[in-house]
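# Structural data only, the sequence is not supplied:
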DNA sequence: GGCTTTGTTTTATA
DNA sequence: GTATAAAACAAAGC
């Protein structure tokens, strides 16, 4: 599931590869992925536009165009962007030999952007939940970036907060980019129970959460993201963060720190994983 | 065929 | 009026 590190991997890859390229065509088999505009309007707006820069805000990919507009892509659960040279034959996109053809999760192409250099940016998205639109400004109602904020500002965010800490970390308006997987992993390393009330956390707890938040997100970016599920990089290749996960989907397994069994609970409708021995409520 | 998966949005409640 | 919790929604695998 693309959270901040996975989106960052895609953004860095695009930045290296497609700045200066121009959109020459757009294809889809799932028009509803494009919000607001009809697909026909969307296509008309995009063709001929040159990519001038690439950015990220939370989990949103921002592709800045030469007419001051911005192509926004949110990959949601199973979406991931790929870059390569497909061939369109008999109404089907035929991938090049390699990860783009070998790995099933790279085969659910629902939007394909053709570039003027002969390559395509393709969205593979098994569940078709991704969101694509053209916007004019980036005035998101999102919290600060976890990798940009300093500890004092982070601490200030918690003033008057009293919800459950895991849900707070996942709240995009509170802080942007953390989803279900990283929230569980951050709290495990911090020895904080996911249902702990924010107003019971002292400065030491918040410092641990802050440090582990930065560590985990950076470590995952270094490992090219989490490919536990559908995420792949632009080349269709897996990242490595799933290999160092400690609790996510590990219910019943032994905690690496103490040997207790990892538990799974339902918190806010989300699977939540933690060690009942290392992460005790106050 | 109901349950699960996640991120976001909408609705309800305190 | 606001913060938080719960429910709804998207599609598909098992």
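That came through, no problem. All of these numbers come straight from a predicted model, not from anything done at the bench.
# tell me which element residue A:273 is part of?
Residue A:273 belongs to strand A:270-274 when assigned by DSSP states H and E.
# Quickly run through the sheet partners of that strand, with directions.
strand A:263-267 (antiparallel) (DSSP bridges).
# What are the contacting residues of the partner strand?
Residues from elsewhere that reach strand A:263-267, judged by C-beta atoms under 8 Å, 6 or more residues apart in numbering: A:164, A:166, A:167, A:194, A:195, A:251, A:271, A:272, A:273, A:274, A:275, A:276. Yep, even glycine has a C-beta here, placed from its N, CA and C like the rest.
# Going by neighbour count, which residues in it are buried?
Under the neighbour-count criterion of 16 or more other C-beta atoms under 10 Å, strand A:263-267 has A:263, A:264, A:267 buried.
# Can you name the residue of the stretch 51-200 of chain A nearest to DNA strand B?
Using C-beta to the nearest atom of the strand, the point where the stretch 51-200 of chain A gets nearest to DNA strand B is residue A:179, with a distance of 2.4 Å.
# Show the model's pLDDT score for that residue.
In this prediction, residue A:179 carries a pLDDT score of 92.
# Now it: closest residue in space that isn't a chain neighbour?
residue A:3 (3.9 Å; C-beta to C-beta, 6 or more residues apart in numbering).
# how distant is the lowest-mean-pLDDT helix or strand in chain A from the center of its chain?
For chain A, counting by mean pLDDT, DSSP states H and E, strand A:263-267 ranks last in confidence among helices and strands (a mean of 89). Once both centres are worked out by C-alpha atoms, centre = their mean, to the nearest Å, strand A:263-267 turns out to sit 22 Å from its chain's centre.
# Check stretch A:99-107 too.
The mean C-alpha position of stretch A:99-107 is separated from the chain mean by 19 Å, C-alpha atoms, centre = their mean.
# what does stretch A:209-226 give?
Centroid separation for stretch A:209-226 versus its chain: 13 Å, with C-alpha atoms, centre = their mean.
# pLDDT (mean, whole number) over it?
Rounded mean pLDDT across stretch A:209-226 is 94.
# does any bit of that stretch sit next to DNA strand B?
No. Stretch A:209-226 lies apart from DNA strand B when judged by C-beta under 7 Å from any atom of the strand; the minimum separation is 9.4 Å.
# ok, back up a step: is any residue of the least confident helix or strand of chain A near DNA strand C?
No. Against DNA strand C, strand A:263-267 shows no contacts by C-beta under 7 Å from any atom of the strand, the least distance being 7.9 Å.
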